[in-house]
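Peer 1: mind looking at a prediction? Sequence and model below.
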Amino acid sequence: MNNQQSAALVALVLSMALGLSGCASTGGSVQQQMAGAGIGAALGCAAGALITGDARGCAAGAAIGGAVGFGAVAITQYNARQVRSTADDSRVYGLTGPVSTPQVKIRQGSSAPETVRPGGSVNVSTDYSVLLPPGTSSAGVTESWVLKKDGKVLSNLPSKTATRSAGGWEADAVITVPSNAPAGTYVIEHRVKSGSSYDVDQSNFVVKA
């Protein structure tokens with residue numbers, strides 16, 4: 001591929017990326033995710049073509065760039081419910097009282113199914129406990145998730161903040177895997193925070209081509 005052909009290819013994929021970007025700004029969460037994946041693939045193709053000077057570089061770059069599409073991953077479903085009261089477990093889970101400020105502790109973070117194909121859905125669940133100071137009926141808690149692969153952050157999923165009473169809580173979210181997601185093992189980092197107290201756990205799922 002000569003320089004003129006490379007320039008033409010780059011111009012083409014960049015125009016595709018800009019077009020997809022316009023779709024992402026006007027569509028809903030699913031459309032945003034699809035457009036984000038397409039933008040990543042297009043930009044990856046451009047970079048690969050510039051580096052190698054041929055279509056093979058474009059294909060390799062597109063596969064890598066497609067992972068950028070995870071940056072637009074949306075939570076398609078969310079639900080939180082209390083699963084344990086302090087009467088069920090006086091120590092809550094991993095926490096002992098009395099405390100002077102709200103405390104949070106993750107009991108378990110999980111992802112299901114363990115294996116999913118591109119375009120499929122993953123259920124992300126965080127089971128955690130809240131311990132409150134005497135005389136305090138509730139506290140603000142922020143639940144969040146970070147998606148990683150090979151030690152790199154792909155997406156900070158939208159966080160959820162709500163008022164929680166003392167006891168055990170389970171926050172469930174559903175995310176959709178981009179249709180062009182590279183195969184491999186992905187890590188979900190589960191996080192909960194209340195004031196200065198926070199905790200982190202991890203779970204994994206595998207994307208199969």
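Peer 2: Ah, there it is.
Peer 1: list the contacts of the helix or strand containing Gly140.
Peer 2: Here Gly140 is covered by strand 139-149, with elements defined by DSSP states H and E. In this structure, residues lying in contact with strand 139-149 by C-beta atoms under 8 Å, 6 or more residues apart in numbering are 67, 70, 73, 80, 102, 104, 124, 126, 128, 130, 132, 153-164, 169, 171, 173, 175, 182, 184-195. In short, each C-beta sits where N, CA and C put it, glycine included.
Peer 1: try it again with 7 Å
Peer 2: 67, 70, 73, 102, 104, 124, 126, 130, 132, 153-157, 159-164, 171, 173, 184, 186-194 (C-beta atoms under 7 Å, 6 or more residues apart in numbering).
Peer 1: how about that strand: buried residues?
Peer 2: 139, 141, 143-149 (16 or more other C-beta atoms under 10 Å).
Peer 1: point me to the helix or strand that includes the closest residue in space to Ser203 that isn't next to it in sequence.
Peer 2: What sits nearest to Ser203 in space, not counting adjacent residues and going by C-beta to C-beta, 6 or more residues apart in numbering, is Ser111, at 4.2 Å. Per DSSP H and E, Ser111 falls inside strand 103-112.
Peer 1: can you give me the angle that strand makes with strand 139-149?
Peer 2: 40 degrees (axes from the mean of the first three to the mean of the last three C-alpha atoms, to 10 degrees).
Peer 1: each with direction, which strands does strand 103-112 pair with?
Peer 2: For strand 103-112, the paired strands and their directions (DSSP bridges) are strand 121-131 (antiparallel).
Peer 1: buried set for the strand it pairs with?
Peer 2: 122, 124-131.
Peer 1: over to stretch 109-123?
Peer 2: 109-111, 116, 118, 120, 122.
Peer 1: repeat that for stretch 178-191.
Peer 2: Quick answer for stretch 178-191 (16+ other C-beta under 10 Å): 178, 180-182, 186-191.
Peer 1: make a markdown table out of those residues and add distance to Asp201.
Peer 2: Putting the buried residues of stretch 178-191 into a markdown table (distance: C-beta to C-beta, whole Å) gives the following:
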| residue | distance to Asp201 |
| --- | --- |
| Pro178 | 24 |
| Asn180 | 29 |
| Ala181 | 23 |
| Pro182 | 24 |
| Tyr186 | 15 |
| Val187 | 11 |
| Ile188 | 9 |
| Glu189 | 8 |
| His190 | 5 |
| Arg191 | 8 |
